[in-house]
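J.: fold the following for me, if possible:
(3 chains)
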Amino acid sequence: MEFIVKFLWLIPTAPLLSAGICALLPRERRRLSAGLAIGAISISFLLACAAFVAAFHVQRAVFNFTWFEFGTTHVPLGWMLDPLGAGMAVMVALVSLLVFIYSTGYMAHDENFTRFFCFLALFAAAMLGLIIANSLLLFFICWELVGLASYLLIGFWFQKPSAAAAAKKAFITTRIGDMGFLIGMLWLYASKGTLLFYDGGHGCLETGLVASTTIGLLIFCGAVGKSGQVPLHVWLPDAMEGPTPVSALIHAATMVAAGVFLIARVYPLMSPEALQVVTWVGAVTAVFAASIAVAQNDIKRILAYSTVSQLGYMMMGLGAGGVAVGMFHLVTHAFFKALLFMGAGSVIHGCHEEQDISNMGGLRKRMPVTFATYAVGMMALCGVPLFFSGFWSKDAILDAAHHWPASRIPFYLGLIGAFLTAFYMTRQVCAVFLGKPSTEAAEHAHESPSAMTMPLLILAVLAVVAGFFGTPAWPWFRSYLAGAHAEFDMVKLAEDGAPLVMLISAALVIVSIALGWWMYGSAAAKPLKESDPLEKAQPALFGLLRHKFYVDEIYEATIVRLTAAFAMFSSWLDRAIWGGLVKAVCWLALLLARINRGVDETLVNGGFDAGTETVRSSGAWVSRWQNGQVQRYLRIIGLGFCGLLILLLWRSR
Amino acid sequence: MTAPLAHYLILAALLFAIGLAGALARRNAIIVLVGLELMLNAANLNFIAFWRCGAHPEMLTGVMVVLFSIAIGAAEAAVGLALVIAIYRHRRATQLDQFTSLKG
Amino acid sequence: MILTALTFLPLAAGVLVALLGRDRQAFGRNIAFAASLLALALAAAVWAMFDHGTGGLQFVENHPWVPALGMEYNLGVDGLSVLMILLSALIVPFALLASWKIEKDPKLFFSLTLFLESGLFGVFTAQNFLHWFLFWELSLIPAFFLIRIWGGPRRTSAAAQFFIYTMVGSIAMLAAFLAMYALADASQRTFDFARLAELARGAHGHASHPALATVIFFGVFLGLAVKVPLVPFHTWQPAAYAEAPTGTTMILTAAMSKMGVYGFLRVLWPIFPEQIQQWRGPLLVLAAATIVLPAAAAFAQKDLKRMVAYSSINHLGYCLLGIFAAARLAGGAPGWANEQAAALNGVIVQMFNHGLTAAALFYFVGLIEQRGGGRGLDDFGGLRRPAPVFCGLMGIALFASLGLPGLNGFPGEFLIFKGALHLAAETAVISTLGLLLTAIFLLTILQRVFSGPLPAKWSGWPDLTLGERCIVAPVMALIFALGLFPQLLTGVANPAVMQMLRFF
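T.: The predicted structure is shown next:
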């Protein structure tokens, strides 16, 4: 199976090629472009599956090559096969494939259909390249390219100013984190001498030494930006301006999880202090975002905040429990969150581009497949015990947080987050699917075409099944990552206080769902359109949550305004100070010129003028002698001659 | 049988005086030219006289100089007359006091 | 001989075109373009025949010129020069095509552009100061007239400011070199770069008078800093770039600004190693200011051309950051030589790539101006709908400019920051702010011009014509090729860099 390593580069290259071809296709070749993209991602998926199988035996194999040379050294890039990457690749390729298929239905009427598949394929290529990268530099390159694809796809409906602004915001916010990542990467390069992860014992992950906490935190900055952690989470909800398949693929399942994957990838470098920060940031984000989601009415924004919150869980899992814990939640979350987003897309599609959940209701009967799959996704996200993947993966995180030696607070935050998650999801499902339709659009909603419902069904199955690969009793996923064989052992379920954590979280979820149903779904509840029960109970708190803790406004008032002020200052500096200096020098030169001119005109020119005037006037006087009368000259000569003669005669006497 | 030198000189002086008077007093340019010729010829006469009564009459110096002088005088008269005619054509006058274009 | 031919070919063609009759404009234009293509072919030949293995000068031609003044006709190229020649030769045909539709006396415009090209080639090949300075000034005169005659509404003041500013710098530089000549012993007097560098290394000549050498250093520095330009000597630049006609702006930013950076590497680096090290701190501050302040100022502009002009200053700031960061004595920690090599390689790669990208950006801004009659940031909107190809290609150029990996802007910035972070950590960290601000204003351009609702008056906005696509196609191809295969540049530049590092 070793040969697969040589062909690993085909996994990202196939979609990249299809993206390149789609970019050159004219707008009318819709079927061809969709076919190309789906075909390419299918190839990637099959190769990723092959790699996944190969990783059982190979554990780790790398292929490195020189990108370019400088000085006496060179910059190597490379790709690698290992369980972490292979598992991630299968997940990404699969979700991509499903989203691509789903998009043929969702985007069927869009005029830029061809371009859409071009961008999607570009994204898939960059994301898969990021996963197989064996060099932090290649990782960074692909990291930026997924950012580009995300930018292009958020701004896909570029006629909407809000979409264009959201795309820009997403790119710049993530780039703030990326600058930290870049510095951290270069610092790492300087301290370790290589950016290759594995290089036959010389890679930066192999030396067995952690990097300094600063480097770890700088790299974590990149993850904070990409994965929407507090305080750089603001772009992710806005990114919902993009088409829903994009939200499902990029802003729920794959790209935003790349930050988590990054930390998982460089885990050996992270110092304990850095991991503490990761845990804290994750825990805070989990609760922060979940509480905001409680008060939102836009179906996609609720899911977006939910994504931010779940990414927080993943970070917490990474920090407190290790790679397997975080990555397992990443995979299960990818399936059920993609499912939820695509279900939301189906709802939006069915309700004619309506996104406000207060304008929906009663869709259970009109969109049965969507409802059923959405309910599965919702229960997986809430962590309904035993049969849904979210339960197992979230439980692993909570368990890890429970055992975290540094502090118990993240564990409690995680519990609060779990409670809030179940609550807002129940609220959403009740408002969308239960009760009576509250608008005309919801009244006439229709089930989506099979291109959209088929992926939903597949994902629904995965959202249930995926959980069984990571139960404490059969930690297959953890073993796969570690290259070990998993044993089925029921006893482990009862070890180390695990049942306690499980019971607490299960009880919390059930209470929360019941509370949600009582407030929003029961016969006694009024439609959301009229008023939110929570708003009635706690208007101040609800307002704060509705406005997302005013984070956007705070940033607007501080950072954005500061940047603008700095720009104005710099521009002013140019005009007033630097330009002013130049002008001052100019004025000085002009002043000197004026003085010089004054001296020249009065003193120097005056003297010369006076002299020449004298010469001229005396000349004029003398010239009167010459009156042009030739005979007069002759007479004067004659007179002179006579005078001379007389003088001669006088003298000779 | 030669007349004494003084006679020649007196004759030449008379001629010169007549020519000078003509050149100074007359306004007609042609008459002025004639006066000039008279003054020239007075000078020629003097040359001949000094030569004949000089120390070396056999050396023909006087004749030589006078021949040159006559040739130059002829050329001068020709140029002068040509100038007069040119001016006359231009200005329709031969009166010298009307010509003041050389005024400074 | 090939270098002499390369230098004088555009000059001869320019004279020929200028001497043609007034009624033969189109013919003159064709001749000029053919000459620029021929020069490109010659430059490509130099590049192809260049031995990539060694760092020394190649194709050397050395003849005495005015021995009494120490003036020699001394030509030669190393990797740095080859890349700069190639860049100039690439940009000039691009600029000529961009100016193809100029109405006012196109013959003269094209011939002046050829004179300018000749000046560029002369500067990038000369190895003797007086020779170098001659061409340095030669390039200034046509540039002045190109701005003065074909420029925008405020061309008069822009051209005058450009000329006088640059001239002040040039005079300072000339005076500095004359002082250096005078300071040397009679037997060692020279204007030859290599020999001056030897004097500096042996602490002879100017190097034996530390105080005077500092003054001389700043004289040369001023001349180069104005040309680049370096904050705070940059105020001529936005005005000149904004007022100059598109084709001229392309050459100004792509090639002429490189003359300054080239001077830093060719003149200042080998001849004043002591002084650069001594003043490294303040110089790094200036480099950081050159990166951050113009990027912020660009954000405050309302004129697309001025924005791109400011971004140009910002990008050259990275080059200076690399140079000043690398100017640190080796002998400290091991591996410094490689960090220095990284920074200097990055500088050269960045010079080449910024030339391509900035020229392409100015070309696109010129097209916007040509189609829309203005270039205000807020005058447009939604143009992506009627002109998707235009938007796509300009978007590629913008992303290349902000340093997106995979496009040509990235390798240079990566190498510069790799070196600088190690050699001058604080400055490098502050400078990343520039990367961020660049992203902000470049994306703002994309957002304001191409996104949002389409105003009714632009609904008939024409997309790129076939001809325009063909004009930008080679540049676009290079943007991708050099982004993916930086070895194409570092392979040529690295031996020259290793040679330069011997001065430190």
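
J.: where along the stretch 51-200 of chain A do the strands fall?
T.: Assigned by DSSP state E, counting those that start in this stretch, the strands in the stretch 51-200 of chain A fall at A:61-70, A:73-81.

J.: quick one: buried residues of the longest one?
T.: Applying a neighbour-count criterion of 16 or more other C-beta atoms under 10 Å in any protein chain shown, one finds A:61-64, A:67-70 buried in strand A:61-70. (Each C-beta comes from the backbone N, C-alpha and C, glycine too.)

J.: the shortest one too?
T.: Residues of strand A:73-81 classed as buried by neighbour count (16+ other C-beta under 10 Å): A:75-81.

J.: what separation do you get for C:G152 and A:F388?
T.: Using C-beta to C-beta, to the nearest Å, we find C:G152 at a distance of 66 Å from A:F388.

J.: quick one, which of those two is more surrounded?
T.: Higher neighbour count among C:G152 and A:F388: A:F388, with 25 against 15, using other C-beta atoms under 10 Å in any protein chain shown.

J.: isn't A:V277 up against A:L217?
T.: Yes - A:V277 is in contact with A:L217 according to C-beta atoms under 8 Å; the separation is 6.1 Å.

J.: mind naming the longest helix for chain B?
T.: With secondary structure taken from DSSP state H, chain B has its longest helix at helix B:61-91.

J.: mind putting the buried residues of strand A:73-81 into JSON lines with distance to chain B and pLDDT?
T.: Formatted as JSON lines, the buried residues of strand A:73-81 follow (distance: C-beta to the nearest C-beta, whole Å; pLDDT from 0 to 100):
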{"residue": "A:V75", "distance to chain B": "93", "pLDDT": "91"}
{"residue": "A:P76", "distance to chain B": "98", "pLDDT": "92"}
{"residue": "A:L77", "distance to chain B": "97", "pLDDT": "93"}
{"residue": "A:G78", "distance to chain B": "103", "pLDDT": "92"}
{"residue": "A:W79", "distance to chain B": "104", "pLDDT": "92"}
{"residue": "A:M80", "distance to chain B": "108", "pLDDT": "91"}
{"residue": "A:L81", "distance to chain B": "112", "pLDDT": "91"}
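
J.: wait, which of the residues you listed is closest to B:E58?
T.: Distances from B:E58 to the buried residues of strand A:73-81, taken as C-beta to C-beta, are shortest for A:V75 (121.3 Å).

J.: what strand or helix carries the closest residue to A:P385 other than its chain neighbours?
T.: Of all residues not flanking A:P385 in the chain, A:A506 sits nearest, at 4.3 Å (C-beta to C-beta, 6 or more residues apart in numbering or on different chains). Assigned by DSSP states H and E, A:A506 falls within helix A:498-516.

J.: from the chain's centre, how far out does the host helix or strand of A:M314 sit?
T.: Using DSSP H and E, the element containing A:M314 is helix A:299-321. With C-alpha atoms, centre = their mean, to the nearest Å as the basis, helix A:299-321 stands 15 Å off its chain's centre.

J.: re the thing from before, quick one, what contacts the residue nearest to A:P385?
T.: A:383, A:385, A:391 (C-beta atoms under 8 Å, 6 or more residues apart in numbering or on different chains).

J.: with respect to pLDDT, which of those residues ranks lowest?
T.: Minimum pLDDT for those is recorded at A:P385 (82).

J.: how about the secondary structure of that residue?
T.: Of the three states, A:P385 takes coil under DSSP: H, G, I helix; E, B strand; the rest coil.

J.: mind listing what's buried along stretch C:290-308?
T.: In stretch C:290-308, counting by 16+ other C-beta under 10 Å, buried: C:290-301, C:303-308.

J.: end to end, how far does it reach?
T.: Start and end residues of stretch C:290-308 are separated by 15 Å (C-alpha to C-alpha, to the nearest Å).

J.: pretty sure A:G259 sits against A:C221.
T.: No - using C-beta under 8 Å, A:G259 is not in contact with A:C221, being 9.8 Å away.

J.: please say which of these two ends up with more neighbours.
T.: The neighbour count for A:G259 versus A:C221, taken as other C-beta under 10 Å, is higher for A:G259 (29 against 22).

J.: next, the more buried one: secondary structure please.
T.: Secondary structure for A:G259, judged by three-state DSSP, is helix.

J.: quick check: the gap between it and A:L415.
T.: Distance of A:G259 to A:L415, given as C-beta to C-beta: 24 Å.

J.: and for A:Q629?
T.: Look at A:Q629 and A:L415: by C-beta to C-beta, they are 132 Å apart.

J.: circling back to that earlier point, now, which of the buried residues of strand A:73-81 sits nearest chain C?
T.: Chain C lies nearest to A:V75 out of the buried residues of strand A:73-81, by C-beta to the nearest C-beta, at 8.4 Å.

J.: residues contacting that closest one?
T.: A:66-69, A:137, A:195.

J.: host element of residue 464?
T.: All of this refers to chain A. helix A:450-465.

J.: oops, I was thinking of chain C
T.: Per DSSP H and E: C:L464 is located in neither a helix nor a strand.

J.: cool, and the one 3 residues further on?
T.: For C:G467, the enclosing helix or strand under DSSP H and E is helix C:466-484.

J.: for the next helix or strand after that helix, list the C-alpha coordinates in PDB.
T.: Downstream of helix C:466-484, the first helix or strand assigned by DSSP H and E is helix C:487-501. Taking C-alpha atoms only, helix C:487-501 is exported to PDB below (Å, rounded to 0.1, in the frame of the first residue of the first chain):
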ATOM      1  CA  GLN C 487      13.100  28.700  -8.400                       C
ATOM      2  CA  LEU C 488      12.900  30.500 -11.800                       C
ATOM      3  CA  LEU C 489      13.900  33.700 -10.000                       C
ATOM      4  CA  THR C 490      16.000  32.400  -7.100                       C
ATOM      5  CA  GLY C 491      18.000  30.200  -9.300                       C
ATOM      6  CA  VAL C 492      19.300  33.300 -11.100                       C
ATOM      7  CA  ALA C 493      19.400  35.600  -8.100                       C
ATOM      8  CA  ASN C 494      21.000  33.300  -5.500                       C
ATOM      9  CA  PRO C 495      24.600  33.200  -6.800                       C
ATOM     10  CA  ALA C 496      24.500  37.000  -7.000                       C
ATOM     11  CA  VAL C 497      23.200  37.100  -3.500                       C
ATOM     12  CA  MET C 498      26.000  34.900  -2.300                       C
ATOM     13  CA  GLN C 499      28.500  37.200  -3.900                       C
ATOM     14  CA  MET C 500      26.900  40.200  -2.200                       C
ATOM     15  CA  LEU C 501      27.000  38.500   1.200                       C
END
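
J.: contacts for helix C:487-501?
T.: By C-beta under 8 Å, 6+ apart, helix C:487-501 touches A:67-72, C:47, C:50, C:52-56, C:78-83, C:265, C:269-270, C:326, C:330, C:337, C:340-341, C:344-345, C:348-349, C:352-353, C:411, C:415, C:481-482.

J.: hmm, try it at 7 Å
T.: A:68-71, C:52-56, C:78-80, C:82-83, C:265, C:269-270, C:337, C:340-341, C:344-345, C:348-349, C:352, C:481-482 (C-beta atoms under 7 Å, 6 or more residues apart in numbering or on different chains).

J.: put the buried members of those residues into a PyMOL selection.
T.: To isolate the buried members of the contacts of helix C:487-501 in PyMOL, using 16+ other C-beta under 10 Å:
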select buried, (chain A and resi 68+69+70+71) or (chain C and resi 55+78+79+80+82+83+265+269+270+337+340+341+344+345+348+349+352+482)
